[in-house]
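**Student:** Need a 3D model of the following:
(chains A and B)
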2 protein chains.
Amino acid sequence: MTGAQSLVKSLIASGIDTCFANPGTSEMHFVAALDELPGIRCVLGLQENAVTGMADGFWRMARKPACTLLHCGPGLANGFANLHNARRARSGILNIVGDQATYHRQYDAALTTDTQGIARATSHWVRTSSSASAVAQDAMTALQIAQTARIATLILPSDVSWDAGGVVAAPLPPLAPLAADPLAVDNCARALRDRATKTLVLLGGDALLAEGQGLAGRIAQKTEAALLAEYAVGRVERGQGRLALERMPYSVDASLKVLAQYQRIVLAGALSPVAFFAYPGKPSSLVAPDAEILVLARPDQDVVGALRALAEALAAPALELPPQAERPGIVQGASTPEGLARTLAAVLPDQAIICDESVSYGRGFYPHTHGAAAHDWLHQTGGAIGLGLPMATGAAMGAPGRRVISLQADGSAMYSLQALWTQAREQLPCTTIILSNRKYNILIGEYRAVGTEPGATAMQMLDLGRPDLDWVRLAGGMGVEAARAATLEECADLLRTSFSRPEPFLIELLI
Amino acid sequence: MTGAQSLVKSLIASGIDTCFANPGTSEMHFVAALDELPGIRCVLGLQENAVTGMADGFWRMARKPACTLLHCGPGLANGFANLHNARRARSGILNIVGDQATYHRQYDAALTTDTQGIARATSHWVRTSSSASAVAQDAMTALQIAQTARIATLILPSDVSWDAGGVVAAPLPPLAPLAADPLAVDNCARALRDRATKTLVLLGGDALLAEGQGLAGRIAQKTEAALLAEYAVGRVERGQGRLALERMPYSVDASLKVLAQYQRIVLAGALSPVAFFAYPGKPSSLVAPDAEILVLARPDQDVVGALRALAEALAAPALELPPQAERPGIVQGASTPEGLARTLAAVLPDQAIICDESVSYGRGFYPHTHGAAAHDWLHQTGGAIGLGLPMATGAAMGAPGRRVISLQADGSAMYSLQALWTQAREQLPCTTIILSNRKYNILIGEYRAVGTEPGATAMQMLDLGRPDLDWVRLAGGMGVEAARAATLEECADLLRTSFSRPEPFLIELLI
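**Tutor:** Numbers count the residues shown, from 1 in each chain, chains lettered A, B, ... in the order given. All right, here's what the predicted structure looks like:
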């Protein structure tokens, strides 16, 4: 048995069923083993950032890792940005990166580069497998890391793949989630019993899934603490039957205003809020200087367990959901952020998945979509744009049968538009709304904050017109049917048409 | 004066006139300074690998560095693959990477990552500028590195940009090229006087430009040594008036056969040939085990100076160019590699620039194009595919007035198709021939070399059909006019039409 065969057998036995791939020459023996040993669905991405973003979306919905298959250091680097976003989302991914044969590396052939160096810059765990007999065991160690919501990168020299002597390895027992500190639970319970101090419970990670929200809701109901979601969380369960949670704003000024209301902040799987970027004369930390910060559970700890213990410590009764927001109606006329959010909420099918890379246009979508049918909202977590379309593709594969809707800024979409082709090939139920304003609008706002209007040279870098991108043709060129909408009623019609079909569809919405 | 203003002033004074850019929030003060202080042409790429590939193409033609403007670690990582290719081409590039403010970094905001770690994995020189007063001087040090055909990466924290106290720095004197060792010249001269030992002079780097070729031709004429180019060199001057040089083959078997003819190999700016990848049972080094290897000049040394010294030591007379190959005629019918090469040679305008990312289809183009008008041929140097279209874009900007023709494999084109948009915006005279076979043909060949035909799972990763990419629509979506050619005469007609127009054009050639 070759190393590659032992690796594929062990991956299948451990429950890996999906491989997002963009292979090259040094991976051919591994590809041959995937071909020979059925059990893993291999999904091609035409560029590696599409591949890694798909693995992120897959984890967010399936709650288990997929593997990626990448080619040498440059292939891994091409996928780096979405691994960064996945790390910030706390998604688990097992990267398998083919590379030069162990004995060939010293010859510094053209494609040789510092693969380990790149891997270390974004992975929680990196190993270069050294022999056919060790590779399956290495993969099981990597998988154990990935299963705990981390990025594991296994570098696979080509001779480790093709050499005989492969040994199938049994899956390692899953690592238990890190329990929150019982003392932290006690501290938070004591603090929350004091209703005189205005308190915010800031929710992150799994606290935003249904069970965590239910527990947080019980705690808030009992203690009158306020609840808020972090600005960008990997996955939030929303709509009918869930809490009408708002989230932290993006801008420094708005965040300071929100947080100034609270004398105490309990962090439940969330980090203490900081500015996305520094600005001259503005603070980095967004928390009021005299506010008390209590950590109930760090992002790497079991926040749902901690919320459960806290609810019990507080003897919080069962949650009585407040009256639900009504499902809004379709808005007419030209698109506005609020109008689009309401229109989307009006037509959203039950159990839809929203993939939100709407950047500046979508920052205020939450308040208008609480009344929509129950859905999941997946955020852009790491700020490296180009996540949206790949994440939608992977989410569709991680949650078969559910409609995926991308709210996708046009500038960001261009970084990884290749994912549309995978949606077409795999015939995934993905509907993309391209928010077409033909500029990097967020940056035009940031430029103005410097103190002046952008001139000709700056607009050369901030404007996406001249020529306009034609998303109907771009999507069509990758096999995705598409149409343009100039109004929200046209957008609603196209959304409904798309929802009635099993395959992907793209709407270029002029905003 | 801010740090950003001092930086822009110093860059302009040092001769930087072109910035390939994809900026973000942390670079807005630098963008504002570029806006305020005229002198640098800023060219937007819609993804960073397009940006870095343009800088590579620019260097290859202009022989001076451009700067890039990238956004944080993920932006740099997105551009890593083409920096890798540039490094292998020995192109000089000055990367300016905006990043978190120095004091904000500790807060680990979402977009914070190991920017230095990524930079180190592909740069010859890396520095994070620490203050507004130091940044211009740092940039001048970086530029000195870039001017000697290396990759320099300057990380620019946002507060270093916006702080007052910037100090304009004078350009540093250019570093002299590393002279070759005089003893090496003597050794090579002594060896080449011995005509009994069959000798190959393997040419790399600047030895493939006109002057180097002329000197190598004199040496070969005097000594009867054979001349050959490395497989993939940054830039080769070819066609009428130049030597009819062949190049090393790609495959291990063909390379071994070529090199087995020689008992002695003189390396003139070339590396000792090694296999692009290792294969079971095949050697890594392609040189016959008993061959004598002499280094005339390493790739980082002044190979033209070394060839001049060697020609003088050998008292080699002026070059008498052998009879030139005739310009071939247009071939009719369906495309073949030879037919396409001959058709291209037939219609090529004088001083054209060929950007070759034809991968497997184009390996044999050289013998059929010696009779073309004088032209430059730019190769895929590092094996990280996705270089072709960005390189063509940058080459057009580095050599204004010359026609650029991309020989572009379809699979590779998909990695960085965003460059087409920049060609349209800048109205560059770039003609792209997409070699549309709708598969990763090189990998299908490599798979077969493993020992069997690819099955359904493997073809899922090697086939680009289902759905077919429609390059006419993809190009049109980015503002580039395009048409499909099913035969070589149609291709020739479209090429001629394109050459008569100032703007970009794309031909999808079915192969």
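
**Student:** and the spatially closest residue to A:S335 that is not a sequence neighbour, how far is that from chain B?
**Tutor:** The shortest distance from A:S335 to any residue other than its chain neighbours is 4.7 Å, reached at A:I511 (CB to CB, 6 or more residues apart in numbering or on different chains). In short, each C-beta sits where N, CA and C put it, glycine included. Per CB to the nearest CB, to the nearest Å, A:I511 is found 18 Å from chain B.

**Student:** can you pull the contacts of A:I511?
**Tutor:** Counting by CB atoms under 8 Å, 6 or more residues apart in numbering or on different chains, A:I511 touches A:S335, A:L340, A:Y361, A:L435, A:S436, A:N437.

**Student:** Mean pLDDT per helix and strand in chain A: which one sits at the bottom?
**Tutor:** helix A:441-450 (a mean of 91; mean pLDDT, DSSP states H and E).

**Student:** May I have that one as CSV, with CA atoms only?
**Tutor:** Only the C-alpha atoms of helix A:441-450 are listed here, as CSV (Å, rounded to 0.1, in the frame of the first residue of the first chain):
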residue,chain,number,x,y,z
ASN,A,441,-17.5,52.2,-1.7
ILE,A,442,-16.1,51.3,1.7
LEU,A,443,-12.8,52.8,0.7
ILE,A,444,-14.3,56.0,-0.7
GLY,A,445,-15.8,56.5,2.8
GLU,A,446,-12.5,55.7,4.4
TYR,A,447,-10.7,58.2,2.0
ARG,A,448,-13.2,60.9,3.0
ALA,A,449,-12.4,60.2,6.6
VAL,A,450,-8.8,61.2,5.9
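
**Student:** residues of it that come out buried?
**Tutor:** A:N441, A:I442, A:L443, A:I444, A:E446, A:Y447, A:V450 (16 or more other CB atoms under 10 Å in any protein chain shown).

**Student:** what's the answer for stretch A:119-129, then?
**Tutor:** A:A119, A:R120, A:A121, A:T122, A:S123, A:W125, A:V126, A:R127, A:T128, A:S129.

**Student:** List just the nearest of the residues you listed to chain B.
**Tutor:** A:A121 (3.9 Å; CB to the nearest CB).

**Student:** these two touch, right, the closest one and B:D114?
**Tutor:** Yes. At 4.0 Å, A:A121 and B:D114 qualify as touching, with contact defined as CB atoms under 8 Å.

**Student:** which residues do those two both contact?
**Tutor:** Counting by CB under 8 Å, 6+ apart, the residues touching both A:A121 and B:D114 are B:G73.

**Student:** Quick one: residues contacting the spatially most central residue of chain A.
**Tutor:** Centroid-nearest residue in chain A: A:G234, 4.7 Å away (criterion: CA atoms, centre = their mean). Going by CB under 8 Å, 6+ apart, A:G234 touches A:R60, A:A89, A:R90, A:S91, A:G205, A:L378, A:H379, A:T381.

**Student:** switch to 7 Å and redo it
**Tutor:** A:R60, A:A89, A:R90, A:S91, A:L378, A:H379, A:T381 (CB atoms under 7 Å, 6 or more residues apart in numbering or on different chains).

**Student:** what's the spacing between the third one and chain B?
**Tutor:** When distance is defined by CB to the nearest CB, A:R90 is 12 Å away from chain B.

**Student:** which of the contacts of A:I511 are buried?
**Tutor:** Applying 16+ other CB under 10 Å to those flags A:S335, A:L340, A:Y361, A:L435, A:S436, A:N437 as buried.

**Student:** buried residues in stretch A:231-251?
**Tutor:** A:231-239, A:242-245, A:247-250.

**Student:** Give me the subset of those that lies in helices.
**Tutor:** Assigned to helices by DSSP state H, none of those qualify.

**Student:** from the residues you listed, which ones fall inside strands?
**Tutor:** Within these, residues falling in strands by DSSP state E are A:V236, A:E237, A:R238.

**Student:** need the contact list for the closest residue to A:E453 other than its chain neighbours.
**Tutor:** Closest residue to A:E453 apart from its sequence neighbours, by CB to CB, 6+ apart: A:Y447 at 8.0 Å. With contacts defined as CB under 7 Å, 6+ apart, the neighbours of A:Y447 are A:P454, A:A458, A:L462, B:M28, B:V31, B:A32.

**Student:** list the buried ones in the helix or strand hosting the fourth one?
**Tutor:** Under DSSP states H and E, the secondary-structure element containing B:M28 is helix B:28-36. By neighbour count, with 16+ other CB under 10 Å as the criterion, the buried positions of helix B:28-36 are B:M28, B:H29, B:F30, B:V31, B:A32, B:A33, B:L34, B:D35.

**Student:** near chain A, which of those residues show up?
**Tutor:** B:M28, B:H29, B:V31, B:A32, B:L34, B:D35 (CB under 7 Å from any CB of the partner chain).

**Student:** For the stretch 401-511 of chain A, just list every one of the helices.
**Tutor:** Under the criterion DSSP state H, counting those that start in this stretch, the stretch 401-511 of chain A contains helices at A:410-413, A:419-425, A:441-450, A:456-462, A:471-477, A:488-499.

**Student:** Kindly compare burial across these and name the winner.
**Tutor:** helix A:419-425 (a mean of 27; mean count of other CB atoms under 10 Å in any protein chain shown).

**Student:** Would that helix count as contacting chain B?
**Tutor:** Yes. Helix A:419-425 comes into contact with chain B (CB under 7 Å from any CB), by way of A:A424, A:R425.

**Student:** So which elements touch that helix?
**Tutor:** helix A:48-62, helix A:388-398 (3 or more CB pairs under 7 Å, 6 or more residues apart in numbering or on different chains; DSSP states H and E).

**Student:** for those helices, which one sits closest to chain B?
**Tutor:** It's helix A:48-62; of those, that one is closest to chain B (CB to the nearest CB) at 7.1 Å.

**Student:** For the closest one, list the C-alpha coordinates in PDB.
**Tutor:** Only the C-alpha atoms of helix A:48-62 are listed here, as PDB (Å, rounded to 0.1, in the frame of the first residue of the first chain):
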ATOM      1  CA  GLU A  48      -7.300  28.100  -4.400                       C
ATOM      2  CA  ASN A  49      -9.000  30.900  -2.500                       C
ATOM      3  CA  ALA A  50     -12.200  29.400  -3.900                       C
ATOM      4  CA  VAL A  51     -11.200  26.000  -2.600                       C
ATOM      5  CA  THR A  52     -10.300  27.200   1.000                       C
ATOM      6  CA  GLY A  53     -13.400  29.400   1.200                       C
ATOM      7  CA  MET A  54     -15.600  26.400   0.300                       C
ATOM      8  CA  ALA A  55     -14.000  24.400   3.100                       C
ATOM      9  CA  ASP A  56     -14.900  27.300   5.500                       C
ATOM     10  CA  GLY A  57     -18.500  27.400   4.300                       C
ATOM     11  CA  PHE A  58     -18.800  23.600   4.600                       C
ATOM     12  CA  TRP A  59     -17.600  23.600   8.200                       C
ATOM     13  CA  ARG A  60     -20.000  26.400   9.200                       C
ATOM     14  CA  MET A  61     -23.000  24.300   8.100                       C
ATOM     15  CA  ALA A  62     -21.800  20.700   8.400                       C
END
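
**Student:** could you dump the ones next to chain A among the buried residues of helix B:28-36 to CSV with distance to A:I12 and pLDDT?
**Tutor:** As requested, these are exported to CSV (distance: CB to CB, whole Å; pLDDT from 0 to 100):
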residue, distance to A:I12, pLDDT
B:M28, 49, 96
B:H29, 52, 96
B:V31, 50, 96
B:A32, 55, 96
B:L34, 53, 97
B:D35, 56, 95
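
**Student:** Pipe the residues you listed into JSON lines and attach distance to B:L387 per row.
**Tutor:** As requested, these are exported to JSON lines (distance: CB to CB, whole Å):
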{"residue": "B:M28", "distance to B:L387": "30"}
{"residue": "B:H29", "distance to B:L387": "31"}
{"residue": "B:V31", "distance to B:L387": "26"}
{"residue": "B:A32", "distance to B:L387": "32"}
{"residue": "B:L34", "distance to B:L387": "26"}
{"residue": "B:D35", "distance to B:L387": "30"}
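
**Student:** Between those, which sits nearest B:L321?
**Tutor:** B:L34 (46.8 Å; CB to CB).
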